[in-house]
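1. Could you look at this predicted model? Sequence included:
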Amino acid sequence: MRYLYTLFFCILFKDTLAQKIVQVGTGEYYTAYLTDSGSVYIPISVGNRYFCKQLNSPEIFTDIACGLAQAIATNTQGEAFIIGPGKTGRGIFAGIVAKDITGKNFTGVEKVYAIGNTFFALKKGKPFVWGEDILYVNGGKNIIAPFPVPVPANVTFTKLVPLSFDNSSVLALASNGTVWKYSRNVLKPAKINIPGLARDITGIGSGVYVVETSIDLYAWGFLGSYLGVGDMGHRPVSIKSKWEAAGCRFPAKQISGNYGTLHILDANNNLFGAGDNVHGDVGNGRQWPDWSSYTPLPYSWSYAHGQLIQKPVQITGKFNKICTAPNNVFYMYAQDMGGNWYSWGRNKARSLGNGITLTPMDEARYPEALNIPAPELVDPINTKWRQIASFDPDERRFPIANAGINQYISSSFTTLSAAFSSQQKGSINSFLWQNENAQQAAVIESPADEKTKVHNLQQGENSFKLTVINNYGDSASTTVKVFVN
């Protein structure tokens, strides 16, 4: 009875709070949102109706990651939970991972990771793995409970980066700044020979490892050409100068990779991206230019590699955080300096949280149909979903207007840019900037230009509307806000 009362009180208390997303768990077909109150929200469907549902749980979660179609989370007590669809396919449930493979209580978990149907956890600096045995520590057979992975003597790990492309592996960052790699069929990790001590590690799902040290940035791996180094490389190669040439300043605040791209949040909160931009997940308004004529099937990526390699480029705006994962994830989330979230890339399985989805059959046939190639403001928890009843691959696509992300400044002037606006199989021919509020006194210097200076900004919120028109005469509009303190 006491437990039921506590459960009711905790859920009621969390429901009454304004839920603010602090972390996004990204998987191929599963996206989860962790809020500042420790709640978890996941998009679900009931018939043809889609909405974001809060997990009915008294737990206060602190970390989350998504795999193929499930999530893993840990709570304030260091317990791990698997979160996924209910038995009927409706709703969501959370099941505690109570024991490890030896039967001991599985507590003290600090960080969790997922890739496909495999889960990893760091417990007091030691890695555990269960689910699909991608490292073959159990002879390739599924592991039914957390299995301790051997750790070098006197080493504790602070971060893991699981990768499954080509030959499954896990990159591991130690508290002493050394980097190690677990390889398939090899129980003990190998130390990576890198000059200096590592600050952070990440990878991209196409089998590329990335390490930032106190003085340099290195990459190597299967499709290293995505980041400007040779394919099939086994030795770290410096790529720092390529990013510095784009304006990136180190040390980075965050480095993060998904399947085909690497993003770096630099020392000045500027965001940079590079890699295979076929899905638009670099974020600079570019993607495959005409999905309607893509071969062999329209709006369906063939898994051909290196089709649209993008060198490091800045994604306009100031950002606070980025979220993605180095597995079969083809999209990104980023938080601006005001706590708002933006998403971009491939919008399959409601991954972008922007309220637009195809039918399940169309989604399977045309997974690239709803791509967003630049950061778009989203509110995943509260958005109202709209399903496109029937997608016509031959129908002309409308333009995508992009006015950049919200700005938070202390001056009375700024610059607005529509450079990341885009058009499939066509071009943007005209731009129009307007004050969103008629009482707004801001002066737009060049209202018909792609980029314009704006003067006489007032303290508080200033809102601007951008309208773009393509070469077919179709239009699209969006807004951007400038907050002056």
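-> Yep, that arrived.
2. Mind naming the longest strand for this protein?
-> In the chain, with assignment by DSSP state E, the single longest strand is strand 309-323.
3. same for it, what does it pack against?
-> strand 21-26, helix 240-245, strand 254-257, strand 261-265, strand 270-276, strand 331-336, strand 372-378, strand 407-409 (3 or more C-beta pairs under 8 Å, 6 or more residues apart in numbering; DSSP states H and E). All C-beta spots, glycine's among them, are computed from the backbone N, C-alpha and C.
4. Arrange these in JSON lines, one row each, with distance to T76 and mean pLDDT as further columns.
-> Shown next, in JSON lines, are the helices and strands packed on strand 309-323 (distance: least, C-beta to C-beta, whole Å; pLDDT from 0 to 100):
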{"stretch": "strand 21-26", "distance to T76": "14", "mean pLDDT": "98"}
{"stretch": "helix 240-245", "distance to T76": "37", "mean pLDDT": "98"}
{"stretch": "strand 254-257", "distance to T76": "24", "mean pLDDT": "98"}
{"stretch": "strand 261-265", "distance to T76": "27", "mean pLDDT": "98"}
{"stretch": "strand 270-276", "distance to T76": "31", "mean pLDDT": "98"}
{"stretch": "strand 331-336", "distance to T76": "22", "mean pLDDT": "98"}
{"stretch": "strand 372-378", "distance to T76": "28", "mean pLDDT": "98"}
{"stretch": "strand 407-409", "distance to T76": "31", "mean pLDDT": "98"}
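5. Quickly compare those and say which is most buried.
-> Comparing the helices and strands packed on strand 309-323 by mean neighbour count (mean count of other C-beta atoms under 10 Å), strand 261-265 ranks first with a mean of 27.
6. which residues are contacting it?
-> By C-beta atoms under 8 Å, 6 or more residues apart in numbering, the residues outside strand 261-265 that reach it are 202, 204, 208, 210, 219, 226-227, 243, 248, 252-257, 271-277, 281-283, 310, 312, 315, 319, 321-322, 324, 332.
7. what separates that strand from the chain centre, distance-wise?
-> 10 Å (C-alpha atoms, centre = their mean, to the nearest Å).
8. That strand: partners in the sheet, and parallel or antiparallel?
-> Strand 261-265 has the following sheet partners, assigned by DSSP bridges: strand 254-257 (antiparallel), strand 270-276 (antiparallel).
9. Run the angle between it and strand 309-323 for me.
-> 50 degrees (axes from the mean of the first three to the mean of the last three C-alpha atoms, to 10 degrees).
10. Name the nearest residue to N406, ignoring sequence neighbours.
-> K481 (4.7 Å; C-beta to C-beta, 6 or more residues apart in numbering).
11. Enumerate every residue touching the most centrally placed residue in the chain.
-> The structure's the chain has its C-alpha centroid closest to T324; by C-alpha atoms, centre = their mean the separation is 2.5 Å. T324 makes contact with T26, S256, G257, N258, H263, Y331, M332, Y333, according to C-beta under 8 Å, 6+ apart.
12. roughly how far apart are it and A65?
-> Counting by C-beta to C-beta, to the nearest Å, the separation of T324 from A65 is 11 Å.
13. So if we follow the domain assignment, how does this protein break up?
-> As assigned by automatic domain parsing, the chain contains the domains 2-398, 399-485.
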